[in-house]
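S.K.: Sequence first, predicted coordinates after that:
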Amino acid sequence: MSRAIKAQLVKYSRLAHERGLTAAFGGNLSIRKGSLVFIKATGAVMNDMTAEQVAVIDMSGRQVSGVRPSSEYRLHLAIYRSRPDVRAIAHLHPPYSIVSSTLAVGELPIMTPEAEIYLRRIPIAPFRPAGTQELADVVADAILQSDAVIMERHGIVTVGRTLREAFYKAELVEESAKLWYLGRK
């Protein structure tokens, strides 16, 4: 099973880079299976991801694999704890979402029927330093009422029952951000 999970993480990490949803070292994806979380390793580049660059931690944050997890592991764990229905998380750095986080206030307007159906709303969480428990707490709170959150000056987090679902929700957030930004007068 872990081989299939790692293959999914590799596939969607590379796809995120190809679609311009993240660059260089930015972003990370995770999948929860029981009490274990499979997550991109620290220092891994999404475009070059391999199965060996997938870390495994338990729900307390203890490293199970020989590979260290992304510095954003606290963010992923906080969301999994606050949303037991979530089995996968996409944390990406799409450009229009980041720019919109500095211009929109409170929430990003929903721009398409698909975004309304699958996201309902897109709150903007206030800035907190990357990799901190403060960021994890503010995002876990914001995601209680939505499947997507934009983090001010940082990126986005989307959740789903599968990594495929979380990934496509991320695309919907970036599409909404792009349409909103281009439509501003």
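M.R.: That came through fine. Numbers count the residues shown, from 1 in each chain.

S.K.: got the CA coordinates for the lowest-mean-pLDDT helix or strand in the chain in CSV?
M.R.: The weakest-scoring helix or strand in the chain, judged by mean pLDDT, DSSP states H and E, is helix 113-118 (a mean of 94). C-alpha atoms of helix 113-118 as CSV (Å, rounded to 0.1, in the frame of the first residue of the first chain):
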residue,chain,number,x,y,z
PRO,A,113,-20.0,27.4,-10.5
GLU,A,114,-17.5,24.6,-10.0
ALA,A,115,-15.8,26.6,-7.3
GLU,A,116,-19.1,27.2,-5.6
ILE,A,117,-20.0,23.5,-5.7
TYR,A,118,-16.6,22.1,-4.6
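
S.K.: can you list the residues that contact it?
M.R.: If you take Cβ atoms under 8 Å, 6 or more residues apart in numbering as the criterion, helix 113-118 is touched by 110, 122, 147, 168-169, 172-173, 175-176. To be clear about C-beta, it is placed using only N, CA and C from the backbone, and glycine gets the same treatment.

S.K.: can we see that at 6 Å?
M.R.: By Cβ atoms under 6 Å, 6 or more residues apart in numbering, the residues outside helix 113-118 that reach it are 110, 169, 172, 176.

S.K.: again, but for stretch 146-154
M.R.: Under Cβ under 6 Å, 6+ apart, the answer for stretch 146-154 is 97, 101, 108, 119, 121-127, 139, 142-143, 156-159, 169, 173.

S.K.: Now do the helices in this structure.
M.R.: 2-18, 73-82, 95-103, 113-118, 133-142, 163-183 (DSSP state H).

S.K.: Out of the ones you listed, which is the most enclosed?
M.R.: Stretch with highest mean neighbour count among the helices of the chain: helix 73-82 (a mean of 22; mean count of other Cβ atoms under 10 Å).

S.K.: From the contact counts, what lies against it?
M.R.: Helices and strands touching helix 73-82, as assessed by 3 or more Cβ pairs under 6 Å, 6 or more residues apart in numbering; DSSP states H and E, comprise helix 133-142.

S.K.: who's in contact with residue 107?
M.R.: 121-123.

S.K.: Make a markdown table out of the residues you listed and add neighbour count.
M.R.: Below are the contacts of residue 107 laid out as a markdown table (neighbours: other Cβ atoms under 10 Å):
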| residue | neighbour count |
| --- | --- |
| 121 | 17 |
| 122 | 28 |
| 123 | 18 |
